[in-house]
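Participant: Take a look and give me a structure for this.
(one chain, ligands or ions: 1)
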Amino acid sequence: MTFVLMGECFFYDFGGYMEKVVLKHISKTFQVKTHDVHAVKDVSLSVDEGDIFGVIGFSGAGKSTLIRCINLLERPTSGEVWVNGKNLIELPAKQLREERKKIGMIFQHFNLMRSRTVAQNIAYPLKGSGKSKAEIEAKVSELLELVELSDKAKAYPSQLSGGQKQRVAIARALANDPSILLCDEATSALDPQTTQSILQLLKEVNEKLKLTIVIITHEMAVVKQICNRVAIMENGVVVEQGNIVDIFSNPQNQTTKNFINTTTSINEIYEMIEEENPLVKLEENETMLRLTYGSSNTDEPIMSELVNQFNLEFNIVFANVEVLSATPIGNLVVKLKGETKDRQDAISYIEKQGVKVEVLN
Ligand SMILES: Nc1ncnc2c1ncn2[C@@H]1O[C@H](COP(=O)(O)OP(=O)(O)OP(=O)(O)O)[C@@H](O)[C@H]1O
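Facilitator: Residues are numbered from 1 along each chain as shown. Below is the predicted model of the structure:
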């Protein structure tokens, strides 16, 4: 790790990747009448420039509180919030206002002003920016084009669909050319098809505008679709974090595994085993395995090698390959039939190829 001096502030620079957000030991405790609520407990994480960083957790895990700590909508009880190389906690009010302009935010329920048109909503953050009327108009029309709503400039929020409202909110959040966009359950109020189009738009602005995005969600499908890194939260704590391919191919924590299972039908296998479904019933000389493999071994002819090397029969019960961050992750459930020793040797062979093996029964 090196420190880079830019202007008046330090950046952490890990091999060329600038860290946009660094949370250090963040805790947030709310005092309610009868007791304290420890919403976030000693969370540390860092988001690199260009990341689409997902924070996933069940309701009440502390996600909203955590993301609101990034722009100090919530002041942490303790810890440091570094954004663009500055510790926001220590900034005086005026400087904090300036730094906050570089952090856009969108919400689950859009938070548009009902009495203003789409164009007026988008122009609102530019009030007092020193830009001329013509400059503001040009910026609004550029943003309307970006979110594909040029024909709705004069419409009111009540005349828009949920997806269109979120597009307006995205345009408004981008008005000050922020370098970070915080998304608080941005697709939770939308139907699956509209969710897809909003995620697509977020991906587009991430790439086109080099925007770093932090997105909180309770849906693993959202994380799977656009995030390159993820942190899993439970009871105010980050229980696991890492890049999306590692997390999906080798999850360590049970909550992470549960979230991953919500995005594939593989968990039905466990239910079928529990219910002693005939499809997964095994004979004396059979073993059922779940194999999970990632980028390093998808090109290897592991299955044909197994057939060649061991005197076994294979039966595929379930197969699924998905592509995350341009990396294929495979899940396969197979039955092996043959002598005990051959089955054991085959498992060792598969593991040696870097494939994760779980013996299902
Ligand atoms: N202003 C507040 N005052 C008191 N308690 C709060 C406040 N905001 C959040 N909490 C509590 O903090 C905990 C974490 O809430 P938070 O909204 O951050 O979780 P979440 O993971 O975002 O959940 P959800 O997805 O349901 O919004 C919850 O127990 C919640 O009741």
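Participant: Give the helix, strand or coil label for the closest residue in space to residue 53 that isn't next to it in sequence.
Facilitator: For residue 53, ignoring the flanking residues on the chain, the nearest one in space by Cβ to Cβ, 6 or more residues apart in numbering is residue 47 at 4.5 Å. C-beta coordinates here come from the backbone N, C-alpha and C atoms, glycine included. On the three-state scheme (DSSP: H, G, I helix; E, B strand; the rest coil), residue 47 is labelled strand.
Participant: in the sheet, who's paired with residue 47?
Facilitator: Note on residue 47: beta-bridge partners by DSSP bridges are residue 21.
Participant: Could you report the pLDDT at it?
Facilitator: The model reports residue 47 with a pLDDT of 97.
Participant: Go ahead and confirm it touches residue 19.
Facilitator: Yes - with contact defined as Cβ atoms under 8 Å, residue 47 and residue 19 form a contacting pair (7.0 Å).
Participant: Contacts only, for the residue nearest to residue 62 when sequence neighbours are not counted.
Facilitator: Nearest residue to residue 62, sequence neighbours excluded (Cβ to Cβ, 6+ apart): residue 236, at 4.2 Å. Residue 236 is in contact with 38-41, 43, 61-62, counting by Cβ atoms under 8 Å, 6 or more residues apart in numbering.
Participant: what's the burial count for the residue nearest to residue 53?
Facilitator: Residue neighbour count, defined by other Cβ atoms under 10 Å, stands at 22 for residue 47.
Participant: what separates it from residue 215, distance-wise?
Facilitator: For residue 47, the distance to residue 215 equals 11 Å [Cβ to Cβ, to the nearest Å].
Participant: Spit out the residues that contact the two alike.
Facilitator: Joint contacts of residue 47 and residue 215 (Cβ under 8 Å, 6+ apart) are residue 53.
Participant: got a winner among the contacts of residue 236 for most neighbours?
Facilitator: Highest neighbour count within the contacts of residue 236, by other Cβ under 10 Å: residue 40, with 29 neighbours.
Participant: May I see the domains of the chain written out as residue ranges?
Facilitator: Taking automatic domain parsing as the reference, the chain has its domains at 2-102+178-261, 275-359.
Participant: mind showing which ranges of the stretch 201-350 of the chain have poor pLDDT?
Facilitator: When residues are selected by pLDDT under 70, those of the stretch 201-350 of the chain lie in 295-300.
Participant: Please work out which residue of it is closest to the ligand.
Facilitator: Residue of the stretch 201-350 of the chain nearest the ligand, by Cβ to the nearest ligand atom: residue 218 (5.7 Å).
Participant: can you pull out the strands in the stretch 201-350 of the chain?
Facilitator: With DSSP state E, counting those that start in this stretch, the ranges of strands along the stretch 201-350 of the chain come out as 212-217, 229-234, 237-243, 286-293, 313-324, 327-337.
Participant: Can you lay out these as a markdown table showing mean neighbour count?
Facilitator: Shown next, in a markdown table, are the strands of the stretch 201-350 of the chain (neighbours: other Cβ atoms under 10 Å):
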| stretch | mean neighbour count |
| --- | --- |
| strand 212-217 | 25 |
| strand 229-234 | 24 |
| strand 237-243 | 18 |
| strand 286-293 | 19 |
| strand 313-324 | 14 |
| strand 327-337 | 19 |
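Participant: between the ones you listed, which one is nearest to residue 138?
Facilitator: strand 212-217 (25.0 Å; Cβ to Cβ).
Participant: So which residues on the stretch 51-200 of the chain come close to the ligand?
Facilitator: Selection of the stretch 51-200 of the chain residues close to the ligand by Cβ under 6 Å from any ligand atom yields 57, 59-65.
Participant: Show me which pair in those residues is furthest apart.
Facilitator: 59 and 65 (12.4 Å).
Participant: more crowded one of these two?
Facilitator: Using other Cβ under 10 Å as the criterion, residue 59 and residue 65 rank with residue 65 on top: 23 against 7.
Participant: Okay, and the more buried one sits in which element?
Facilitator: helix 63-70 (DSSP states H and E).
Participant: can you check residue 82 too?
Facilitator: In this structure, residue 82 sits in strand 78-83 according to DSSP H and E.
Participant: packing partners for that strand?
Facilitator: Applying 3 or more Cβ pairs under 8 Å, 6 or more residues apart in numbering; DSSP states H and E, one finds that strand 78-83 contacts strand 17-31, strand 36-48, helix 63-70.
Participant: could these go into CSV alongside distance to residue 147?
Facilitator: Formatted as CSV, the helices and strands packed on strand 78-83 follow (distance: least, Cβ to Cβ, whole Å):
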stretch, distance to residue 147
strand 17-31, 23
strand 36-48, 23
helix 63-70, 22
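Participant: any idea of the pLDDT on the residue nearest the centre of the chain?
Facilitator: In the chain, the centroid-proximal residue (Cα atoms, centre = their mean) is residue 54; its distance is 2.2 Å. You'll see residue 54 listed with a pLDDT of 97.
Participant: Who does it form a beta bridge with?
Facilitator: Legend: beta-bridge partners of residue 54 under DSSP bridges are residue 215, residue 230.
Participant: can you tell me which residues contact it?
Facilitator: Contact analysis of residue 54 by Cβ under 8 Å, 6+ apart lists 215-217, 222-223, 226-227, 229-231, 244.
Participant: Let me know the closest of those to residue 272.
Facilitator: Nearest to residue 272 among the contacts of residue 54: residue 223, at 26.4 Å, using Cβ to Cβ.
Participant: So which elements touch the longest helix along the chain?
Facilitator: Taking DSSP state H as the criterion, the chain has its longest helix at helix 192-208. With contacts taken as 3+ Cβ pairs under 8 Å, 6+ apart, helix 192-208 sits against strand 52-57, helix 162-173, strand 180-184, strand 212-217, helix 220-226.
Participant: All good on my end, thank you.
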